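Engineer: quick one, structure for this:
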Amino acid sequence: MARWEPMLDTLMRERAGGLLAYARLLAGDDAEDVLQDALVKAFSRGRRFPNVPMAEAYVRRTIPSVFIDRVRRAGAARRAHDKLREVPPHRPDSAEVLDVRAALARLSPRERACIVLRFYDDLTVPGIADRLGIAEGTVKRYLSDASARLAQELDTVADWRADPTTVPVVAPQMKGAGR
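Structural biologist: Just a heads-up that it's a prediction; the model follows:
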């Protein structure tokens, strides 16, 4: 048995649910494949971790990169982006529950990765840029466009506007939206 196998076994026994949930935020139905690829990348070359929290942190850090690489490698980034743009935004009526996961799934892969890293992992713009290997200005554009789309989609329940205890969501103008 390789020296890294006991750590991988312990990691999966103790933290698999959380890692899979995190991957699902980005990859949806492909979450298991993304998590598997992240585990292979994390434990390849005999990499050893001193404890489970460090192993989990490394795998979590690897998941967004693996997700984006899978989309890019498949040559589907452009097709996925175009396909997602074709999907009309879901407009729930007041009886429906907002489904943030469904709204995230309608974002492009990079927009989704930036939003998850910003609001789930609480990373700064420079931290996201470093993690994904892209420019800070690009991260800002993805966050702006994704925030605008999410605000439009999620601010459709009339009860929110009628309830004085809530704050209305104001969607910023998306680049090129007025054309």
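Engineer: report how many residues lie close to residue 23.
Structural biologist: 25 (other Cβ atoms under 10 Å). To be clear about C-beta, it is placed using only N, CA and C from the backbone, and glycine gets the same treatment.
Engineer: report all helices and strands that the host helix or strand of it contacts.
Structural biologist: Under the criterion of DSSP states H and E, residue 23 resides in helix 5-27. On a contact count with 3 or more Cβ pairs under 8 Å, 6 or more residues apart in numbering; DSSP states H and E, helix 5-27 meets helix 31-43, helix 52-73, helix 100-105, helix 109-119.
Engineer: residue 15 is nearest to which of the ones you listed?
Structural biologist: helix 52-73 (4.9 Å; Cβ to Cβ).
Engineer: any idea of the angle that closest one forms with helix 31-43?
Structural biologist: Counting by axes from the mean of the first three to the mean of the last three Cα atoms, to 10 degrees, helix 52-73 lies at 120 degrees to helix 31-43.
Engineer: which residues are contacting helix 52-73?
Structural biologist: 7-8, 10-11, 14-15, 18-19, 22-23, 26-27, 30, 33-35, 37-39, 41-42, 49, 77, 80, 109-110, 113, 116-117, 121, 131-133 (Cβ atoms under 8 Å, 6 or more residues apart in numbering).
Engineer: give me that answer again for 7 Å
Structural biologist: 7, 10-11, 14-15, 19, 22-23, 26-27, 34-35, 37-39, 41-42, 49, 77, 80, 109-110, 113, 117, 131-132 (Cβ atoms under 7 Å, 6 or more residues apart in numbering).
Engineer: hmm, which of these are the buried ones?
Structural biologist: 7, 11, 15, 19, 22-23, 26-27, 34-35, 37-39, 41-42, 49, 77, 109-110, 113, 117, 131-132 (16 or more other Cβ atoms under 10 Å).
Engineer: need the helix or strand of this structure with the lowest average pLDDT.
Structural biologist: Least confident helix or strand of the chain, by mean pLDDT, DSSP states H and E, is helix 158-162 with a mean of 48.
Engineer: next up, the contacts around residue 34.
Structural biologist: 23, 26, 27, 63, 66, 67, 70.
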